[in-house]
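Asker: Give me a model of this one.
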Amino acid sequence: MKTIYHPADSRGHADHGWLKSYHTFSFAEYYHPDRNNFGVLRVLNDDTVQGGAGFGQHAHNNMEIISIPLEGELRHGDNMGHSGVIRKGQVQVMSAGTGVVHSEMNALPDKPVKFLQIWILPKVRDVAPRYADMNISEQAKPNDFQQIVSPSSEDEGVWIHQDAWFSLARFDKGVSRTYIVKKPHNGVYVFVMKGKAKIGNQVLGERDGYGLSETDRFSLEALEEAEIRLMDVPMEISH
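Answerer: Prediction:
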């Protein structure tokens, strides 16, 4: 088994006033030669946007973009005709493919919106752009792994163009579960949203990241009440 530990305070940080963002991997003005990606996981940004502000119209291509609201209200709009507001308990995906223009704004004038912005390199380039969102709170699985992203519309969660599976774990203190990697040669990036957890001898605190590869399973134990995201992704970039 290979592992890599990214403590919360080692992340890049950007403060633009209206936006405060922590970057697990190299992004924008933050560059770290050893932290460009974890397999096809290219971006993991922990964003806080002040009331009334946000990311205006801008373009992307050939990227799977996943947004997970943590607090407040996030308003989405794009040139495919989609518009709406997502909140905690939902997950949004956008396949940029051949090109898409979109905006992500704080829908509230006086309260911040907090969300994870995650970019995954796609399995296939130049696909038709698409948008989807899903309420994941209705399928909550306390003290178990709840799948929220998958490679297929036939599987649990919202789907993307990559052999990647995201899971949410909400564990009570003392709960331990074994995670089985979804596909041979995939790795899993574990990101602790709150609380404290342990994998092997590694203790993980809030906003710590831990990548595991060259293994088919591992045990995750909550040392206190914890909320954790797991991103099961291919380690080889195909293009």
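
Asker: Please make it C-alpha for all contacts and neighbour counts, starting now.
Answerer: OK.

Asker: if I pick the nearest residue to residue 3 once chain neighbours are set aside, what's in contact with it?
Answerer: Counting by C-alpha to C-alpha, 6 or more residues apart in numbering, residue 3 lies nearest to residue 212, which is 4.6 Å off, once chain neighbours are set aside. Counting by C-alpha atoms under 8 Å, 6 or more residues apart in numbering, residue 212 touches 1, 2, 3, 4, 187, 188, 189.

Asker: Out of the residues you listed, who's the most crowded?
Answerer: Among the contacts of residue 212, residue 188 has the most neighbours (other C-alpha atoms under 10 Å), with 32 neighbours.

Asker: bridging residues for it?
Answerer: For residue 188, the beta-bridge partners under DSSP bridges are residue 212, residue 232.

Asker: Kindly report the same for residue 73.
Answerer: Beta-bridge partners for residue 73, by DSSP bridges, are residue 87.

Asker: Quickly list the domain ranges of this protein.
Answerer: 11-137, 139-234 (automatic domain parsing).

Asker: Span of the first one from start to end?
Answerer: The one in question is domain 11-137. With C-alpha to C-alpha, to the nearest Å applied, domain 11-137 spans 29 Å between its terminal residues.

Asker: In terms of helices and strands, where is residue 193?
Answerer: Using DSSP states H and E, residue 193 sits within strand 186-194.

Asker: count of residues packed around the closest residue to residue 50 other than its chain neighbours?
Answerer: Residue nearest to residue 50 in three dimensions, not counting chain neighbours: residue 112, with 4.4 Å by C-alpha to C-alpha, 6+ apart. Neighbour count for residue 112, taken as other C-alpha under 10 Å: 22.

Asker: so residue 112 touches residue 47, yeah?
Answerer: No: the criterion here is C-alpha atoms under 8 Å, and residue 112 misses it with residue 47 at 10.0 Å.

Asker: ok, back up a step: okay, the strand holding residue 193 in CSV with CA atoms only?
Answerer: Provided in CSV are the C-alpha atoms of strand 186-194 (Å, rounded to 0.1, in the frame of the first residue of the first chain):
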residue,chain,number,x,y,z
ASN,A,186,-7.9,2.8,-8.4
GLY,A,187,-6.7,4.8,-5.4
VAL,A,188,-8.9,6.5,-2.8
TYR,A,189,-8.5,10.1,-1.6
VAL,A,190,-10.0,10.5,1.9
PHE,A,191,-10.9,14.1,3.0
VAL,A,192,-12.2,14.7,6.5
MET,A,193,-14.8,17.4,6.6
LYS,A,194,-15.2,17.4,10.4
